[in-house]
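K.L.:
how would this look folded up:
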Amino acid sequence: MLALAVLGSGKGSNFQSILDAVRDKRLDARIVCTISDVADAFILERARRAGVPAYHVDCSPWKTKLEGMGEERVLELLREHGADAVALAGFMRIVKPRLIEAYRNRIVNIHPSLLPAFPGLRAWEQALAYGVHVTGCTVHFVDEGTDTGPIIAQRVVPVFDSDTPETLHARIQEQEHLAYPEALQWLAEGRLRVEGRRVFRD
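P.N.:
Residues are numbered from 1 along each chain as shown. Have a look, this model is predicted:
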């Protein structure tokens with residue numbers, strides 16, 4: 001069984017999808033702790049309601065990265081709870097090399113586009129502005145770049161002429177909530193093998 005820590009900054013809808021998959025036995029894992037850089041993030045409330053240890057970690061003075069004492073505290077909590085892997089679920093900070101090296105090919109993120117297209121913030125708005133006909137979501141391992149890690153899985157979402165940023169984002173999230181637990185189950189089963197920039201599923 002995979003001992004999984006979840007890091008997030010917001011409402012925690014992907015955390016909920018992971019938790020639901022664990023409860024439904026679609027994901028052979030237990031969520032050992034949830035960590036947020038935002039004190040009142042709803043992801044922490046979701047965790048507490050589920051009986052999952054929930055922590056706020058102060059990441060100041062940095063606004064966009066996990067570094068210094070904040071990074072040290074996260075590593076401390078991961079070790080304390082025996083985390084085998086880390087799922088980023090709307091975690092809005094850049095993970096730095098020390099944490100990446102400690103959990104190389106065991107930190108997983110979900111991004112709302114078909115990477116490498118539209119990395120960074122608000123990818124669904126980027127997709128609409130660019131005029132693409134399809135977008136989607138990507139589950140990937142985290143490396144030292146921004147949304148550049150080896151790709152585990154992708155799901156395609158059509159872009160309609162009538163779409164607003166809100167309607168497109170909502171449909172992407174529907175696919176995220178399916179793709180993320182599935183990819184984490186592959187990790188739990190030991191089926192993912194990274195060779196260079198590619199991920200193979202055994």
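
K.L.:
going by C-alpha atoms from here, please, whenever you check contacts or count neighbours.
P.N.:
Fine.

K.L.:
so where's the longest helix in the chain?
P.N.:
With DSSP state H setting the assignment, residue counts place helix 165-188 as the longest helix in the chain.

K.L.:
and the next helix or strand past it?
P.N.:
Next along the chain after helix 165-188, taking DSSP states H and E as the criterion, comes strand 192-195.

K.L.:
okay, buried residues for that following strand please.
P.N.:
The neighbour-count check on strand 192-195 (16 or more other CA atoms under 10 Å) flags Leu192 as buried.

K.L.:
for it, list the C-alpha coordinates in PDB.
P.N.:
Coordinates of the C-alpha atoms in strand 192-195 are reproduced here as PDB (Å, rounded to 0.1, in the frame of the first residue of the first chain):
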ATOM      1  CA  LEU A 192       5.900   3.000 -13.700                       C
ATOM      2  CA  ARG A 193       9.500   3.000 -15.000                       C
ATOM      3  CA  VAL A 194      11.300   6.200 -16.000                       C
ATOM      4  CA  GLU A 195      14.000   6.100 -18.700                       C
END
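
K.L.:
for that strand, give me every contacting residue.
P.N.:
Residues outside strand 192-195 that contact it (CA atoms under 8 Å, 6 or more residues apart in numbering) are Asn105, Pro150, Trp186, Val199, Phe200, Arg201, Asp202.

K.L.:
give the pairing partners of it; include direction for each.
P.N.:
Next to strand 192-195 in the sheet, as set by DSSP bridges, lie strand 198-201 (antiparallel).

K.L.:
now do the buried residues in the strand it pairs with.
P.N.:
Val199.

K.L.:
from the chain's centre, how far out does the helix or strand of the chain with the lowest mean pLDDT sit?
P.N.:
For the chain, scoring each helix and strand by mean pLDDT, DSSP states H and E identifies strand 65-66 as the least confident one, at a mean of 90. The chain centroid and the centroid of strand 65-66 are separated by 15 Å under CA atoms, centre = their mean, to the nearest Å.

K.L.:
so which elements touch that strand?
P.N.:
Contacts of strand 65-66 with other secondary structure elements, assessed using 3 or more CA pairs under 8 Å, 6 or more residues apart in numbering; DSSP states H and E, are made with strand 94-95.

K.L.:
which strands and helices lie in contact with the strand it packs on?
P.N.:
The contact analysis (3+ CA pairs under 8 Å, 6+ apart) places strand 94-95 against strand 65-66.

K.L.:
average pLDDT for whichever helix or strand comes after the strand it packs on?
P.N.:
Counting by DSSP H and E, the next helix or strand C-terminal to strand 65-66 is helix 68-80. Mean pLDDT, computed over helix 68-80, is 95.
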